[in-house]
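Trainee: pasting the sequence and the predicted coordinates here, then a few questions.
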Amino acid sequence: MEIQLEQSDTRGSFFIEQEGKRVAFMEFSKAGNDRIIISHTDVSEVLKGKNAGKQLVAAAVEYARKNKIKIVPLCPFARSVFDKVKEYSDVL
């Protein structure tokens, strides 16, 4: 699964496409220059059980580390991943 990123000045999304359709995505908004807020994650039935949601969160963590920013996980799914994976606490 390849995770892609699209973003504008204020918003963005990490997403997975299959056959030209988005089958998973995680939306975020930018809060200044040093923070993103993850607001929503959605994974279609075709990817259920394949850890697609966790991979989206991992991509966001990698992005945050690379860009030296912090993440505010308002999305309940993303929050649960951050609560379970202590190695991600450096970007909170």
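Mentor: Right, received. Where do you want to start?
Trainee: what does the pLDDT read for Met1?
Mentor: Among the per-residue scores, Met1 holds a pLDDT of 86.
Trainee: ok, now how distant is it from Ile38?
Mentor: Distance of Met1 to Ile38, given as CB to CB, to the nearest Å: 19 Å. Every residue, glycine included, has its C-beta placed from N, CA and C.
Trainee: repeat that for Ile71.
Mentor: 6 Å.
Trainee: pull the number of nearby residues for the closest residue in space to Phe77 that isn't next to it in sequence.
Mentor: The shortest distance from Phe77 to any non-neighbouring residue, by CB to CB, 6 or more residues apart in numbering, is to Thr41 (4.5 Å). Thr41 has 24 neighbours, counted by other CB atoms under 10 Å.
Trainee: state the helix or strand in which Thr41 lies.
Mentor: Per DSSP states H and E: Thr41 is located in strand 35-43.
Trainee: just checking, next helix/strand downstream of that strand?
Mentor: That would be, after strand 35-43 and using DSSP H and E, helix 52-67.
Trainee: run the angle between that next one and strand 35-43 for me.
Mentor: Helix 52-67 and strand 35-43 meet at an angle of 160 degrees, taking axes from the mean of the first three to the mean of the last three CA atoms, to 10 degrees as the criterion.
Trainee: gap between helix 52-67 and the chain center?
Mentor: Its chain's C-alpha centre and that of helix 52-67 lie 6 Å apart, by CA atoms, centre = their mean, to the nearest Å.
Trainee: what residues of that helix count as buried?
Mentor: Buried positions in helix 52-67, judged by neighbour count with 16 or more other CB atoms under 10 Å: 52-61, 63-64.
Trainee: now do the contacts for His40.
Mentor: By CB atoms under 8 Å, 6 or more residues apart in numbering, the residues touching His40 are 26-27, 75.
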